[in-house]
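Peer 1: okay, structure incoming, though there's no sequence with it:
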């Protein structure tokens with residue numbers, strides 16, 4: 001039984017998951033190289049990442065949202081509970097088009113939160129359940145196959161499906177934040193076409209990492225389904 005499960009698991013991993021993992025690795029390397037490239041191009045606006053995020057927040061009446069400096073590279077994020085945008089070393093006081101794009105993107109998340117953007121609300125609501133589901137999925141499937149309890153396997157698959165759902169909902173959230181960011185930068189009238197183009201290229205590279213994350217989640221979900229289907233036939 002173990003040998004059959006191991007061989008089946010390895011085969012489905014190589015066929016389904018490994019290509020998605022390679023895609024995710026490429027996307028991660030691509031966003032880092034793209035950010036590095038456009039971090040060396042100074043924006044004509046004279047704005048820093050902080051200035052850009054602050055301007056977008058103030059333009060939307062979000063004076064209560066703070067901006068903090070955190071360490072790390074591309075660790076930028078918006079914390080909806082604390083109402084804080086945290087910008088990394090390479091973004092906070094950097095004048096590059098890449099930094100401005102990333103900071104504006106995080107401000108876009110703050111605007112989403114303030115306006116009750118539905119996909120973001122759903123994503124935030126299911127985070128705890130998704131975390132539990134992703135941790136329990138594989139143990140439940142393995143236990144179900146060992147004990148011959150298909151119902152347990154299906155519960156495991158359903159649990160992991162929540163993780164895939166989270167990644168799916170993340171796509172419109174991230175794409176919309178970038179769209180809001182670029183529109184806000186353009187409407188401010190402070191940025192050249194080159195600035196906007198370079199910021200867009202940076203955000204497009206970042207968006208691919210979320211597409212890759214969804215691909216990995218779906219590949220793993222298909223892998224679990226294939227393992228259970230194979231176990232049921234045996």
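Peer 2: In hand now; what should we look at? Here the structure is a predicted model, which is why all the values come from computation and not from measurement.
Peer 1: going by C-alpha atoms from here, please, whenever you check contacts or count neighbours.
Peer 2: Will do.
Peer 1: any idea how far the helix ranked longest in the chain is from the chain center?
Peer 2: Ranked by residue count and defined by DSSP state H, the top helix of the chain is helix 193-233. Centroid separation for helix 193-233 versus its chain: 9 Å, with Cα atoms, centre = their mean, to the nearest Å.
Peer 1: now swap in stretch 16-33 and tell me
Peer 2: Worked out by Cα atoms, centre = their mean, stretch 16-33 lies 13 Å from the chain centre.
Peer 1: so for it, what gets flagged as buried?
Peer 2: 16-17, 20-21, 23-24, 27-28, 30-32 (16 or more other Cα atoms under 10 Å).
Peer 1: ok, now which ones touch the residue most central in space within the chain?
Peer 2: Residue closest to the mean C-alpha point of the chain, counted by Cα atoms, centre = their mean, is residue 210 at 4.4 Å. Listed by Cα atoms under 8 Å, 6 or more residues apart in numbering, the contact set of residue 210 reads 167, 170-171, 174.
Peer 1: in helices only, show me these.
Peer 2: Reading helices off those with DSSP H, I get 167, 170-171, 174.
Peer 1: which one of those residues is nearest to residue 55?
Peer 2: Nearest to residue 55, judged by Cα to Cα, of those is residue 174 at 20.0 Å.
Peer 1: tell me the contacts of the closest one?
Peer 2: Contacts of residue 174 (Cα under 8 Å, 6+ apart): 207, 210.
Peer 1: quick check: it vs residue 207, distance?
Peer 2: 7 Å (Cα to Cα, to the nearest Å).
Peer 1: kindly report the same for residue 99.
Peer 2: Taken as Cα to Cα, the span from residue 99 to residue 207 is 15 Å.
Peer 1: more crowded one of those two?
Peer 2: residue 99 (34 against 17; other Cα atoms under 10 Å).
Peer 1: surely the more buried one touches residue 89?
Peer 2: No - counting by Cα atoms under 8 Å, residue 99 does not reach residue 89; the two are 9.8 Å apart.
Peer 1: pretty sure residue 94 is touching residue 48, no?
Peer 2: Yes - counting by Cα under 8 Å, residue 94 touches residue 48, with 5.0 Å between them.
Peer 1: OK, contacts around residue 52?
Peer 2: Residue 52 neighbours (Cα under 8 Å, 6+ apart): 100, 103-104, 185.
Peer 1: quick one: what helix or strand has it in it?
Peer 2: helix 49-59 (DSSP states H and E).
Peer 1: what's the following helix or strand after that helix?
Peer 2: Taking DSSP H and E, what comes next after helix 49-59 is strand 66-69.
Peer 1: which elements pack onto that next one?
Peer 2: Judged by 3 or more Cα pairs under 8 Å, 6 or more residues apart in numbering; DSSP states H and E, strand 66-69 is in contact with helix 49-59, strand 84-87.
Peer 1: any idea how far the last one is from the middle of the chain?
Peer 2: Put plainly, it is strand 84-87. 16 Å.
Peer 1: what does the longest one give?
Peer 2: On the basis of Cα atoms, centre = their mean, helix 49-59 is displaced by 22 Å from the centre of the chain it belongs to.
Peer 1: give the rounded mean pLDDT of it.
Peer 2: Average pLDDT, helix 49-59: 96.
Peer 1: okay, buried residues for that helix please.
Peer 2: 49-57.
Peer 1: turn the residues you listed into TSV, columns for distance to residue 131.
Peer 2: Formatted as TSV, these follow (distance: Cα to Cα, whole Å):
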residue	distance to residue 131
49	31
50	32
51	35
52	33
53	30
54	32
55	34
56	32
57	30
